[in-house]
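S.K.: Would you be able to build a 3D model of this:
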Amino acid sequence: MTETVRAGYRVRASELEGRNWLNTGGRQLNLEDLRGKIVLLDFWTFCCINCLHVLDELRPLEEKFSDVLVTVGVHSPKFEHEADPVALAAAVERYEIHHPVLDDPELLTWQAYTARAWPTLVVLDPEGYIVAHLSGEGHAAGLESLVAELVEEHEAKGTLHRGDGPYVPAEPTAGDLRFPGKVTALPGGTFLVADTGHHRLVELDADLAGVRRTIGDGTKGWQDGDAGTARFNEPQGVALLPADVAEKAGYDVVVADTVNHRLRSVNLATGAVQTIAGNGVQRLLDAGNQTKAGAASAGSGEAAGDSAPSDSSDLLGADPLNISLSSPWDLVWSSKLQRLVIAMAGTHQIFSFDPVTGAVAVLAGTGLEGLLDGGASAAWFAQSSGLAEDGDGNLWVADSETSALRRLNLDGTGGSVQVETAVGTGLFDFGFRDGDSSVARLQHPLGVAVLPDGSVAVADTYNGAVRRYDPVTGTVSTLARGLSEPSDVLVDNSAAEPLLIVVESNRHQLVRLPIPKEAQSVDEGARQTQRPKTAVEAGPMSLTVRFAAPKGQKLDDRWGDPTQLKISASPEGLLVSGGGTATGLSRELVLSDTVTDGVLHITARAAACDGEPGGEIPDHAACHMYQQDWGIPVVLQAGGESELVLDLRGLD
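M.R.: Model (predicted):
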């Protein structure tokens, strides 16, 4: 399909096939039912932070063109748990998706539209032809202009039908809490929980049932103020500051206000909420200079080094309210750094924040998605979502998309950071297996806590379990199972014997569990993400990533080539040559004739700014970074493809 679109032929859309439809009132849709509408197919999976970003990017577009545009979410699962229809229905409710969703567990529609990445967007015109194929996020402005053009064209042709679409809302569930995220203990024996689905914070009594008070009015939005008027948007992490730091800062708790891309403060005495970092604009770039997007990203080359950048270079700006964050997911106070550490899920990095000075900095991670250990400036993370500090001051990270448990080892002053992996092997490997950490598997963990004996408890979310990693023996075991998407775990020392508090997100509750003296040993096997493998031939391969700047934008070439490809492979021996980072969106590769299969890892970036092609970019023009990571499973065989074409932003 991609090749024919590239050649300029009109390609009729393939039928929408899957197991079932959600948000349609039980109706099974087909393309004929959508004829006369502009259709936007959103290929997503509910674990994927980039997919969640796209859901929010599309909301204004859906509202503006509500009588002519129908978004169809095609849910194509990455993890085994995501193929569970009950889990999918909960995710559709959790993320307040107000359009039809096709459940595609066998990836039938995914394959029919040659999707290769989450998220992928495909636009169909009212006559049922494909007009655009996009990968990644950040396409909202271009889609708006494209939809407006299609409306004008097909209204003139008489092929556009205005009116309501097929969306039918499902019945809501939940009680006092709705899809809670993270929890922290407060000094008086109560607990503060991020009531994520209700867009507020809730202080629970010691019994975890009684509601002491709420902070936030429960309406999705962004607003500072007192406890009754403040507004959040899917808050996740909550962290209590040490008393001496809180006194200097003027507040007690910091909240990761995830979808607002901000950090918020809470004064527990007054309930007052203030924004302390983030301008609400989602950060799409790495730690490079955002105003020189092309030069900063495309000219950087391979990252290297053994320590975090110095404070003078890793600071992101003098004013914390004028910097961009991206889906902060969890927070923990670092006694070594004397700063808050932030799991910045949206950019696959670890940030730090000083509540006294307001300084925000990148602590670790290049911004590239994957699993790579080493120095802070070289390490890769993948949607880090949980943090905890151990007795030595080192930091444990639940790295959800790699189903991994990672550790940030800090030196005595916190000036040097080394990243290492305790459990996990890569973006496409997961499972439910205990034993030695080299063979143990997790499935999309979101929370982590350090137990009294120094071992680490992991909220193994998609396995519905709490797992234990023992750093002394290097082994993994299971503490509890049968939970419903546990999103956080906390050690409760209020009783004679320490207990675990588990946030059971999909049951809308917090539960206390004993820490068993004898853990279970489970082996339900290791898995890999099941996607069709592309048959390729050993030897030379031509790789091209297509990108067309949206109408009203042009490539930002003021500082050199504004495009970049970063290519690697697993196993490494799959790629004989052509790997590494370089400018341009095409590359000649050579694939090994001694490897049978593997995964090509490709990251493409393109920087564009508002302006007309051939003209100058105006001063202070808005600039945009388009980025997508692909993991392309391949099998080497005679007669396979020798050319690979991907779409970052491809138009007919």
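S.K.: All the helices of the chain, in order from the start?
M.R.: 2-6, 49-64, 85-94, 108-112, 140-157, 243-249, 293-298, 311-314 (DSSP state H).
S.K.: hey, where'd the strands end up in the stretch 301-450 of the chain?
M.R.: 328-334, 339-344, 349-353, 360-364, 374-375, 384-389, 395-399, 404-410, 417-423, 429-433, 435-436, 447-450 (DSSP state E, counting those that start in this stretch).
S.K.: okay if I get those as CSV plus mean pLDDT, distance to residue 179 and mean neighbour count?
M.R.: (Glycine included, C-beta is placed from N, CA and C.) CSV is the format used below for the strands of the stretch 301-450 of the chain (pLDDT from 0 to 100; distance: least, C-beta to C-beta, whole Å; neighbours: other C-beta atoms under 10 Å):
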stretch, mean pLDDT, distance to residue 179, mean neighbour count
strand 328-334, 98, 14, 24
strand 339-344, 98, 18, 26
strand 349-353, 97, 24, 25
strand 360-364, 96, 28, 24
strand 374-375, 96, 35, 17
strand 384-389, 98, 14, 26
strand 395-399, 98, 18, 28
strand 404-410, 97, 24, 23
strand 417-423, 97, 26, 21
strand 429-433, 96, 22, 22
strand 435-436, 98, 32, 14
strand 447-450, 98, 14, 25
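S.K.: beta partners for the nearest residue to residue 645 once chain neighbours are set aside?
M.R.: In this structure, residue 645 finds its nearest non-sequential neighbour in residue 544, 5.1 Å apart by C-beta to C-beta, 6 or more residues apart in numbering. Here residue 544 sits in beta bridges with residue 586, residue 645, going by DSSP bridges.
S.K.: now do residue 569
M.R.: For residue 569, the beta-bridge partners are residue 600 (DSSP bridges).
S.K.: where does it land on pLDDT?
M.R.: Residue 569 carries a pLDDT score of 90 in this model.
S.K.: ok, it touching residue 600?
M.R.: Yes - here residue 569 lies in contact with residue 600, judged by C-beta atoms under 8 Å, at a distance of 5.5 Å.
S.K.: so which of the helices of the chain comes closest to residue 650?
M.R.: helix 2-6 (6.5 Å; C-beta to C-beta).
S.K.: Can you give me the neighbour number for residue 81?
M.R.: When neighbours are counted by other C-beta atoms under 10 Å, residue 81 registers 20.
S.K.: Residue 340 touches residue 353, doesn't it?
M.R.: Yes - the criterion here is C-beta under 8 Å, and residue 340 meets it with residue 353 at 4.5 Å.
S.K.: Between those two, which contacts overlap?
M.R.: Jointly contacting residue 340 and residue 353 under the rule C-beta atoms under 8 Å, 6 or more residues apart in numbering are residue 254.
S.K.: ranking the helices of the chain by burial, who's on top?
M.R.: Comparing these on average neighbours per residue, with mean count of other C-beta atoms under 10 Å, the densest one is helix 293-298 at a mean of 23.
S.K.: Would you list the phi and psi of residue 359?
M.R.: Torsion angles at residue 359 (phi, psi; degrees, to the nearest 10) stand at phi -70, psi 130.
S.K.: about what we covered before: contacting residues for the residue nearest to residue 645?
M.R.: When contacts are counted by C-beta under 8 Å, 6+ apart, residue 544 is found next to 585-586, 643-646.
S.K.: right, and the pair among those with maximum separation?
M.R.: Spatially, the most separated pair among those is 585 and 643, at 14.1 Å (C-beta to C-beta).
S.K.: could you dump the helices of the chain to a markdown table with distance to residue 421 and mean pLDDT?
M.R.: Formatted as a markdown table, the helices of the chain follow (distance: least, C-beta to C-beta, whole Å; pLDDT from 0 to 100):
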| stretch | distance to residue 421 | mean pLDDT |
| --- | --- | --- |
| helix 2-6 | 35 | 37 |
| helix 49-64 | 20 | 96 |
| helix 85-94 | 27 | 96 |
| helix 108-112 | 29 | 96 |
| helix 140-157 | 35 | 95 |
| helix 243-249 | 31 | 97 |
| helix 293-298 | 26 | 29 |
| helix 311-314 | 23 | 40 |
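S.K.: of all those, which lies closest to residue 492?
M.R.: In terms of C-beta to C-beta, the element of those nearest to residue 492 is helix 243-249, at 20.1 Å.
S.K.: Show residues contacting that closest one.
M.R.: 241, 252, 265, 333, 338, 355-356.
S.K.: Please repeat the previous calculation with a cut-off of 7 Å.
M.R.: Residues outside helix 243-249 that contact it (C-beta atoms under 7 Å, 6 or more residues apart in numbering): 241, 252, 355-356.
S.K.: Mark which of these are buried, thanks.
M.R.: Listed as buried from those are 241, 252, 355; burial here means 16 or more other C-beta atoms under 10 Å.
S.K.: which residues sit in contact with residue 239?
M.R.: Here residue 239 is in contact with 184, 253-254, 331-333, 340 (C-beta under 7 Å, 6+ apart).
S.K.: again with residue 462
M.R.: By C-beta under 7 Å, 6+ apart, the residues touching residue 462 are 79, 81, 443-444.
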